[in-house]
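Chemist: Based on what follows, work out the 3D shape:
(2 chains)
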Amino acid sequence: MPIRPNQRRDILHTALVAVVIIFCFGAAGEICGPFFETTADAFEAKFPDNNPKDIENVREQLALAGTDNKGSDSHPYVIIAVTEPEEAVACFDLSAQKELWRRKMPVNSKLFGRGDLAILQSGQDVVALDAATGRVRAAVEIDEGWDFYGAAASGDVMVFTTGIGRADTAGYSNGRIIAVNMSTGRQLWENITGNGILGAPAAWGNRVFVPWKKNKISVLGLQDGAEVARLLTRDFSVNFVHAINGDVFYGAEGTDKRMATLFRFDARAAAGTRDDSGGFSPGIPPAPNTPGFGTDGFRRPLPGFTSPDRVRFYFTPQKSSDRISLANNRYYLHYWRYVVALSAETDAVQWTSAAPEDLGAVHATEHGLFTVSTNGTIRFLSAETGRSLWEAPTDCKPASVLFHVPGFVPARDTSPDRPDPRLGLRDIILDNDNRLIPFRAWAVSLLGRLEIPEVTADLMALYADATLPPALQTALTQALQNRTSGLDYMQQALQMKYDYLEQTKSPPMGIIAPSLARFNDAASLDGLMAHLFDHETPATDMTPIAAAILETGNETIVPSLRDFAILYHADTSFLGHEDALATICRAILAFGGTDGSTLVASLRDDPQTLPGLRKQLLVILDPDAEAKAAAKKAEEEQAAALAKQAELEKKKAEAFANRPDYLAPGHIRVMMGKASVLLRPCIKDALSRRMSLTQVRMNFAIDGTTGAASDLKVIPADIPGLEQCLSQAMTKITFPPFKNPRQSASHTIHITGVKRAESTEE
Amino acid sequence: MKQTIRSIGTVVILGLYLLPWESAARPGRLKTPPEAMPSQEDLEFQAMVRDLQSPDPEVVIFSVQMLGLSGRAEAVPPLVELLRRGPRDDITNMTLDTLGALGRPEAVDTLLPYLRHRRPDARLAALNALSGIDAPEITRAIEDRLRDSDPDVRAAAATALGTRGDKESVVLLFRAFDLSVNEAAIAIGKRGADPDALRLLEYLGKINIRILLPGLREFALRADIDQKTKLHILNQLYELAGPDVRRFAIELRDALNPTREKSQDDPILKMLDRMVQEIAGE
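Modeler: Residues are numbered from 1 along each chain as shown, chains lettered A, B, ... in the order given. Here you go, the predicted model:
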């Protein structure tokens, strides 16, 4: 059947529309592809947070998976990503101390992985390398515009997260997690948050843990990506999730006031709060740069070591049913080239270790710490002493390091000597690296916490070192203030003296003096007196010294105290520090008998005495003086008020006596005449209503005391609004007062054409 | 014995009895001779001393000044007494200055503690006051002020040691010089011996030459310094050259030979001439 032209046009039209529709779908797929690729239910708004049952199920799954995530390769090695001189990934066999393999490849991220696998971003791909051979096991292209955040693996499955936007901004952000089967090279699933970045994931058994928007951890199925549990943290930010030996740990960021906290993904985690989730938080003063227990998973893992990579806590978890348990009951702080070991129970410093170069990476094991310095030297530090027991150089400058050292102990510490944490901390404080000033100040606070008497001497000696930066001096002052032992050393410190030629300075008398007073140490009296008279003693220290003298003094020092009080009682060097002089005067009174009282009284009465001191002396000599003065003042004020009241009454009486008995008609007329301006508008209005109006008579009462007019009656009374208008006007008139309480008055306004006359009658 | 005591007693009693009678015997006559009468100056002096007790600080300050101007040794005790009352800052400083101007050794014991006064200006006033008084204990006390935290006090101490220091002082002055007390250079130049001159010369090229030259000038001007040492100093400066050295040479030459009468064969003068001629000016 022939096709008519109309039909041909319709077919063409239909075909064209179909092409356009197909093209649109294609374009939308290209643009919005990621949204259409979500293959499992995850990150839904309706998913329940902190469901104890969900969390318990996850715990059961972890328990089923055991403690080995792979279990095949027990060979100890370190995989190092290098960016200089050329980008590569290399693997070092630690037991043989030789390079196993090196693979030249772009290095665009830090290394992630586990025992047998190293995962990194290489160019635009996420690449998984076989740790034993360096062979590529999987490579997945990252979509353009998406940034790599981290990866993990369990069994044959590799998962990695990418994101758009930043975790710490309010703008648009999106996160994506992709799972790939490394055996088949097939993508298993992919999920998109639609809102919020996903941090670096962790994987164990058949579960994937991914931090989301810094306040959630979503637990997904490894094989299908379906969300099975979700943890919402209510009062802290999550900055990492790590899976270690069958347990999952996550961390709260530290602040300037509070140290970071380490949590375990267990039943208590469901509480979602920092205090109730059973976390472990160091009980030490907050360390500078707010170190965390893991690498921030929301920070892009660019290769190289920046400040956050060099300041971190490390720990080795131990299996425990109910709480976080750390191997050797110890945790470690890595700070640039230092490692400080602290007791997990008491937070006491156990040892410190200093490497010759800055450390790029640290890995804690039950037996010790593996460190890799920025020049590529790998060392093993004893867990017990921090001593470097073994080292192996590598020829690479690391940009990222991945450790795989299951059970490997390269050497054991056989020395019976135990390190002295006091000496270690002192070495840190004396490190002349000014980058470390905050850390050195922090070491001062740790040193001050050691309850060893000699520490007081150390702190004093450090304080005497004029070359230490002011931040350390402040820390030393605070540490000394908190000391409760080492009195002997404080007494010795009294011998310290400012001397420009010797470059020595005064002891911290503001700290020492109260301690000496607290111990009521009479043996220190001479030293206290010497510092009282030493002009180099800072003015701020004078009051504590004077107070200590008052506490420990006796009558033998009275002559000296007298000289001191006389010399300075009018001297501006004590302006603002009069408390010190007042305390000295108290000591003179306490130990000086009658003569002392006479002297202090004479200082009080000297017109040149510093006003602040005189005020205090008045109180010292007569404790009731202030109360007496206040009572006297109140009495005087009351008498003045009474006199004023009497005067007013008198004036009132006089005014009343001068008043007339009644106001005379003339007086009222004059007042009404003055007020005619107020009345005129009312009369004009009345005239407009009644043209024939010739007069208006007003009858009213006047109050004798207030002079106010009231009870106005107007004749004629039938002009609307007139009486009201005039009553209003009369409220503004005040008549002179008179003796009688009230009088009646009347006033007539005559209207004769343009001429108008007024008359008033009483 | 008893008789003797009784006789002495009688004489004493008689004497006591006669004394007032003698003086009161002739009414209308001068009781004291004219030379024993207080002069107008004495009366004014006593008034000034009385005014030190005034409650008005301005009156006290004026009196202190006037007592200083009197230049009289008798002014010292009332001024010392004033200090013992612990007056306010300006009166204290003025009194210290005045005691210094009077320059009396009997004020030393009072002035010395003020070297340790809490106010640096009081320490400075005491230091200046003491530096003009000749007493052995003062030099050590002034040396101690090189240890002061106040730079003005250290500088004043160094300057004072230039006029009264000794061998021990020079050791401390070098230490102070190492710690930027620049005034110590001149004091070293005035009090140091030949080896000290050579030691000071070692600073050449290490610190600003303008700080060093005044000290070297002092060595060059002194008669008790060996000519070889002086020539060594000048040679070293000649090597260094520069406008500061040339100006130094001109001034030193003028100081050593102001009238140009000295023989030009004097090696020092010859060297200075050479320095002036050969070193380029500004």
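
Chemist: what is the rounded mean pLDDT of stretch B:89-108?
Modeler: For stretch B:89-108, mean pLDDT is 94.

Chemist: Excluding covalently adjacent residues, which one is nearest to the residue of the stretch 101-250 of chain B found nearest chain A?
Modeler: Closest residue of the stretch 101-250 of chain B to chain A, C-beta to the nearest C-beta: residue B:118 (4.0 Å). Where you see a C-beta, it was placed from the backbone N, CA and C, and this is true even at glycine. Spatial nearest neighbour of residue B:118, excluding adjacent residues (C-beta to C-beta, 6 or more residues apart in numbering or on different chains): residue A:573 at 4.0 Å.

Chemist: Look up how far residue A:610 lies from the closest residue to residue A:375 other than its chain neighbours.
Modeler: Closest residue to residue A:375 apart from its sequence neighbours, by C-beta to C-beta, 6+ apart: residue A:357 at 5.2 Å. Look at residue A:357 and residue A:610: by C-beta to C-beta, to the nearest Å, they are 59 Å apart.

Chemist: which one of the two has more residues nearby?
Modeler: residue A:610 (25 against 12; other C-beta atoms under 10 Å in any protein chain shown).

Chemist: got the contact list for the more buried one?
Modeler: A:569-572, A:574-575, A:578, A:581 (C-beta atoms under 8 Å, 6 or more residues apart in numbering or on different chains).

Chemist: on that earlier part again, relative to residue A:568, how far out is the residue of the stretch 101-250 of chain B closest to chain A?
Modeler: Counting by C-beta to C-beta, the gap from residue B:118 to residue A:568 is 7 Å.

Chemist: Give me the common contacts of the two.
Modeler: With C-beta under 8 Å, 6+ apart, residue B:118 and residue A:568 have common neighbours residue A:574.

Chemist: okay, these two: which has more neighbours?
Modeler: residue A:568 (23 against 20).

Chemist: tell me the SS of residue A:184?
Modeler: Here residue A:184 is coil, with the state taken from DSSP: H, G, I helix; E, B strand; the rest coil.

Chemist: For it, give me its contacts.
Modeler: Contacts of residue A:184 by C-beta under 8 Å, 6+ apart: none found.

Chemist: What residues does the stretch 51-200 of chain B have near chain A?
Modeler: B:55, B:57, B:84-89, B:92, B:116-119, B:123, B:146-149, B:154, B:172, B:175-176, B:179 (C-beta under 8 Å from any C-beta of the partner chain).

Chemist: quick one: residue B:241 and residue B:280 touch, right?
Modeler: Yes. Residue B:241 is within contact range of residue B:280, at 7.3 Å (criterion: C-beta atoms under 8 Å).

Chemist: Which one's more surrounded, the two?
Modeler: residue B:241 (14 against 8).

Chemist: Would you mind giving both backbone torsions of the more buried one?
Modeler: phi 60, psi -160 (degrees, to the nearest 10).

Chemist: Doesn't the residue nearest to residue A:375 lie inside a strand?
Modeler: No. Secondary structure of residue A:357 (three-state DSSP): coil, not part of a strand.

Chemist: List phi and psi for it.
Modeler: phi -120, psi 170.

Chemist: what does residue A:624 give?
Modeler: phi -90, psi 0.

Chemist: swap in residue A:389?
Modeler: Here residue A:389 shows phi and psi, under degrees, to the nearest 10, equal to phi -100, psi -20.

Chemist: how far away is it from residue A:412?
Modeler: Counting by C-beta to C-beta, the gap from residue A:389 to residue A:412 is 7 Å.

Chemist: Compare those two (neighbour count), which wins?
Modeler: Between residue A:389 and residue A:412, counting by other C-beta under 10 Å, residue A:389 is the more crowded of the two (19 against 12).

Chemist: sorry, back to before: in helices only, show me the residues of the stretch 51-200 of chain B next to chain A.
Modeler: B:57, B:84, B:89, B:92, B:123, B:154, B:172, B:175-176 (DSSP state H).

Chemist: Throw those into JSON lines and include distance to residue A:479, thanks.
Modeler: Shown next, in JSON lines, are these (distance: C-beta to C-beta, whole Å):
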{"residue": "B:57", "distance to residue A:479": "47"}
{"residue": "B:84", "distance to residue A:479": "43"}
{"residue": "B:89", "distance to residue A:479": "38"}
{"residue": "B:92", "distance to residue A:479": "40"}
{"residue": "B:123", "distance to residue A:479": "33"}
{"residue": "B:154", "distance to residue A:479": "32"}
{"residue": "B:172", "distance to residue A:479": "35"}
{"residue": "B:175", "distance to residue A:479": "32"}
{"residue": "B:176", "distance to residue A:479": "33"}
